[in-house]
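K.L.:
model this:
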Amino acid sequence: MISARLSLVGLICVLLFASCRPMPPDISQNALPIAAADQIDPDKLRDRIDHVLDFTLKHRHLNTEEHAAWQILHGSLAFGRSFPVMHEGELIPVVDYLQQGGKMNGWTIERGNKLVSKDPEKENFGMRAITEPGTRAGQGHYDQWLAILSQCEVPADATFIVGPDTFTMTNFLQQVQLDISRNHAHEFSWTLIGLTKYFPTDHTWTDSTGQQWSIADLAQIELEQGLDGGACGGTHRLIGLSMALNRRKEAGLPIEGPWAAAQQLIDESVVNARQYQNSNGALSVNYFQRPGVSPDLAENLGTSGHTLEFLSISLSDEQLKEEWVRRSVSYLCEVFERTESVSLECGALYHAAHGLALYRQRVYGPREFSPE
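P.N.:
Next up, the predicted model:
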């Protein structure tokens, strides 16, 4: 959980608490349902997004004593290399902290395979991130740390000090490719995000067992899994496919085979997201399967946030300016505004913030966020 640095104000017991806080009379309006905005001014919406993101970055601080890598790195997903962690009383950018040898619960890295080294007198090893599903401390899915660091624009030659070892991001990428067959769940959403940041989508390689792989193979397996049972309503699967497909289009490569199927799944999911949107702008709590409403603001933060994250990656510039998307962004801003004074679960919080940050960048242009 993460707390805002504001006066302690009760809200409603729809958030993730063991017990609800009392609600003073002067803020009882917060218990009212969120209504659809009559008309959304694009400039005012931009300002609301900026306020929400500024508040989240500047007033919701995580620290290495109480919080784990799973929570902290979700913050880096939303704010990239600007996101800080409090360590021994000092705010330090998270990625810099890890590169410099910083430790945190759940950042579990070990030596991987011995790699071919350009210097015969120096041993070179892969960097392996250990998966610790269900702990909410360590990496919850294969290659989740790679996916987050890749979205923080960490260059391939960046170094990470881990105990006595110094690895490069390239060592991390090499180990991920060698370990593909270790992913027995065949969940490659995060692998697609990470690998296609550094390699073209026609990239091929051989894993440690001698099996041949390609980016297209990973996309095909993701398609065969479908959205049912996928993490967070299948949004992570869609995000991985969308990011890979976007890079393939940018390279001018043909959209055929699994890539054509990925485009079809993405298009169908966009249609469903719009069809199942609630009248107040909230996206369905059942994601792409059927309509769904919930009085729980925390649940809506997670579901609408994850879905907006997917939409902000997948839609065209013109589609992002459509009124139904604006209404979903306006709704999400109001959820953030109503929950400024309470603790929120980090996964839902930072995926929603990432969705808003992506939307803000695509529609209004990039903006730097500072924790100071």
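
K.L.:
Wait, Ala231 touches His141, no?
P.N.:
Yes. Here Ala231 reaches His141: they are 6.8 Å apart, a contact under C-beta atoms under 8 Å. All C-beta atoms are positioned from the backbone trio N, CA, C, and that covers glycine.

K.L.:
which ones are touching Gln225?
P.N.:
Counting by C-beta atoms under 8 Å, 6 or more residues apart in numbering, Gln225 makes contact with His186, Glu187, Arg237.

K.L.:
Quick check: of the residues you listed, which has the highest neighbour count?
P.N.:
Neighbour counts for the contacts of Gln225 peak at Arg237, which has 27 neighbours (criterion: other C-beta atoms under 10 Å).

K.L.:
ok, that one to Asn171 distance?
P.N.:
For Arg237, the distance to Asn171 (C-beta to C-beta, to the nearest Å) stands at 27 Å.

K.L.:
same question, Leu358
P.N.:
Distance of Leu358 to Asn171, computed by C-beta to C-beta: 29 Å.

K.L.:
In a strand, Gly102, correct?
P.N.:
No. Gly102 is assigned coil when assessed by DSSP: H, G, I helix; E, B strand; the rest coil, not a strand.

K.L.:
Could I get the phi/psi values of the nearest residue to it once chain neighbours are set aside?
P.N.:
Leaving aside its chain neighbours, Gly102 sits nearest to His87 (6.7 Å; criterion: C-beta to C-beta, 6 or more residues apart in numbering). His87 has phi and psi values of phi -130, psi 120 when expressed as degrees, to the nearest 10.

K.L.:
in the sheet, who's paired with His87?
P.N.:
Glu90 (DSSP bridges).

K.L.:
coming back round to it: Ala231 and His141: who's more crowded?
P.N.:
Set Ala231 next to His141 and count neighbours by other C-beta under 10 Å: His141 wins out with 18 against 15.

K.L.:
Pull up the gap between that one and Thr131, please.
P.N.:
Distance, His141 to Thr131, using C-beta to C-beta: 7 Å.

K.L.:
related to what we said a few turns ago, comparing Leu358 and Asn171, which shows the higher neighbour count?
P.N.:
More crowded of Leu358 and Asn171, by other C-beta under 10 Å: Asn171, with 23 against 19.

K.L.:
and Arg182, what does it touch?
P.N.:
Going by C-beta under 8 Å, 6+ apart, Arg182 touches Tyr142.

K.L.:
Tell me which stretches of the stretch 101-250 of the chain form helices.
P.N.:
Per DSSP state H, counting those that start in this stretch, the stretch 101-250 of the chain carries helices over the ranges 144-151, 169-178, 189-198, 215-225, 235-250.

K.L.:
separation between the residue located most distally from the centre of the chain and Tyr350?
P.N.:
Taking C-alpha atoms, centre = their mean, the residue of the chain most remote from its mean C-alpha position is Glu121, at 39.9 Å. Going from Glu121 to Tyr350 by C-beta to C-beta gives 43 Å.

K.L.:
Alpha carbons only: can I get stretch 271-281 in PDB?
P.N.:
Below are the C-alpha coordinates for stretch 271-281, written out as PDB (Å, rounded to 0.1, in the frame of the first residue of the first chain):
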ATOM      1  CA  VAL A 271     -14.600  -2.300 -30.200                       C
ATOM      2  CA  ASN A 272     -15.500  -4.200 -27.000                       C
ATOM      3  CA  ALA A 273     -13.900  -1.700 -24.700                       C
ATOM      4  CA  ARG A 274     -16.100   1.000 -26.300                       C
ATOM      5  CA  GLN A 275     -19.200  -1.100 -26.500                       C
ATOM      6  CA  TYR A 276     -19.000  -2.000 -22.800                       C
ATOM      7  CA  GLN A 277     -18.100   1.400 -21.500                       C
ATOM      8  CA  ASN A 278     -20.400   2.700 -18.700                       C
ATOM      9  CA  SER A 279     -22.400   5.800 -19.100                       C
ATOM     10  CA  ASN A 280     -20.100   7.700 -16.600                       C
ATOM     11  CA  GLY A 281     -17.100   7.000 -18.700                       C
END
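
K.L.:
That one: how far from the chain's middle?
P.N.:
Its chain's average C-alpha position is 22 Å from that of stretch 271-281, according to C-alpha atoms, centre = their mean, to the nearest Å.

K.L.:
pLDDT (mean, whole number) over that stretch?
P.N.:
The average pLDDT for stretch 271-281 rounds to 97.

K.L.:
quick one: which of the contacts of Gln225 is nearest Leu146?
P.N.:
Glu187 (13.3 Å; C-beta to C-beta).
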